[in-house]
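In: Show me how the following folds:
(2 chains)
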Amino acid sequence: MSFIVNYLRRVLRLPPVVAFVALALGSCLVGYTLMYFELSQHQSSTRAGYLQFETDNIKLEFPKSWFAYEVENKNASGVFYRVGIVGPIGEAYFAVQDENATDFIMKRFNLTNITSLIIHMANDTFTAILGKNPQATLLFRENSTMSILSLDAEYTKVSISGVPDSRGALHNVTYIIIAGMKQQRLAYILFLSEEATWDEGYQTFVTILSSVDLRRWNDETSGI
Amino acid sequence: MRLLESSLPQKSDLIHAVLGGAICFFAVFLVSSMASGILLQILVFLGWTGVMTYQDQFLLAAGLILFGTVYLVGGFCGGLYTGYKVKENLKVILAVPGLIGFTISTVIAYFFGHIDFSFIGMIYGFYLPLLGNLVGAYLGGYAMNWPSEEEKEEAGKLTLELQK
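Out: Presented below is the predicted three-dimensional model:
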């Protein structure tokens, strides 16, 4: 044992080994410091523990332990814009489409109004889950209207039991689908969370939602 | 002519350097999957996953962490083997394990579409791994050939005796 300790003591004094250890520890330290500064730079000024996400299209705040991303697809069918916010107790998706993309979606799936769109989305989600677990069940829990992001929207809340995760474990998941239209532009929001964490997750979702500023949606002259 | 020949690396040295490159690649391959998982777990534990939202800055920070935990370690392992087997022309020979390890991992990453040619992508996926493997290999190789205190004392005595 003392031989090993003596050997290590000798080896760890060698300048190349010292340089190696210092470089390895130093680069990790600089990496974590960079992350820390990045987090403090984007800290929300109004909500503790929240970060700001700001792009040309959207401005919102989300918890530090969640992460956000945006995707914009432009093709012959129109402009499809989506923001995802994923966290340990839920996932929220905001989607906006321009007039052409809205028209394309409504015609493609034979949809006549917002209600039919919401039901289509719920059924579509359930069909995808049934493909993975044929024993899954769908329960429509609530249908109503709400005023959100300066538009009158409709929403539906559904619970699906037996949703498999990537490891095959089954979960009971609740979804809320909110959709509305403004100047022929469709906007929809989806939030999902496990039933056990729904209350906490939904509170976070409401906080995120209250901070959302869909810049291009509100800008009537822009493409979306 | 003889002087030039003696300064050129021997064939056996080059073979050991190539083997060192293979060791460097396998070490990077083994450690990288673990290090990425551990980095994510640390972010989850600290409640910092939000930092991944700011892609460019996150890639730079993660690249620096992987430089120290993966590429430097991989290069060091390759350098240790090469330095153990090769005792001459270290300045030239020790570049080989780092370069070979980096080339193999970059070619594999390219074929799997993991290389991003943006400015930050190049720093994260190209410059930091290259630098880490090269510096690691040199440090590993010189660590194996660095004279110990006893060797230094003996060399000192020999010089004194020769002077007498």
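
In: residues in contact with B:Gly20?
Out: Residues near B:Gly20 by CB atoms under 8 Å, 6 or more residues apart in numbering or on different chains: B:78-79, B:81-82, B:85, B:96-97, B:100, B:137. Any C-beta I mention is one placed from the backbone N, CA and C, and that applies to glycine too.

In: Closest one to chain A out of the residues you listed, please.
Out: Proximity of these to chain A (CB to the nearest CB) peaks at B:Gly79, which lies at 8.7 Å.

In: Now do the same contact list for the residue nearest the centre of chain A.
Out: Centroid-nearest residue in chain A: A:Ile85, 2.0 Å away (criterion: CA atoms, centre = their mean). Taking CB under 8 Å, 6+ apart, we find A:Ile85 in contact with A:53, A:60, A:62, A:66-68, A:91-94, A:208.

In: tell me, which of the residues you listed make contact with chain B?
Out: A:53, A:62, A:66-68 (CB under 8 Å from any CB of the partner chain).

In: So which of those belong to strands?
Out: Within the ones next to chain B among the contacts of A:Ile85, residues falling in strands by DSSP state E are A:53, A:62, A:67-68.

In: Any part of the longest helix seen in chain A near chain B?
Out: In chain A, taking DSSP state H as the definition, the longest helix is helix A:15-41. Yes. Using CB under 8 Å from any CB, helix A:15-41 reaches chain B at A:15-17, A:19-20, A:23-28, A:30-32, A:34-35, A:38-39.

In: Could you tell me which of the ones in strands among the ones next to chain B among the contacts of A:Ile85 count as buried?
Out: With burial judged by 16 or more other CB atoms under 10 Å in any protein chain shown, the buried subset of these is A:53, A:62, A:67-68.

In: re the thing from before, who are the neighbours of the longest helix of chain A, in terms of helices and strands?
Out: Judged by 3 or more CB pairs under 8 Å, 6 or more residues apart in numbering or on different chains; DSSP states H and E, helix A:15-41 is in contact with helix B:55-66, helix B:72-85, helix B:128-145.

In: Output the shortest one in CSV with nothing but the alpha carbons.
Out: Think helix B:55-66. Extracted in CSV, the C-alpha atoms of helix B:55-66 (Å, rounded to 0.1, in the frame of the first residue of the first chain):
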residue,chain,number,x,y,z
GLN,B,55,-27.2,26.9,-27.9
ASP,B,56,-24.0,28.7,-28.9
GLN,B,57,-22.8,29.6,-25.4
PHE,B,58,-23.8,26.1,-24.1
LEU,B,59,-21.9,24.4,-26.9
LEU,B,60,-18.8,26.5,-26.1
ALA,B,61,-19.0,25.7,-22.4
ALA,B,62,-19.8,22.0,-23.0
GLY,B,63,-16.9,21.9,-25.5
LEU,B,64,-14.5,23.2,-22.8
ILE,B,65,-15.7,20.6,-20.3
LEU,B,66,-15.4,17.8,-22.8
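
In: quick one: buried residues of the longest helix of chain A?
Out: Buried-residue list, helix A:15-41, by 16+ other CB under 10 Å: A:16-17, A:20, A:23-24, A:27-28, A:30-32, A:34-35, A:38-39.
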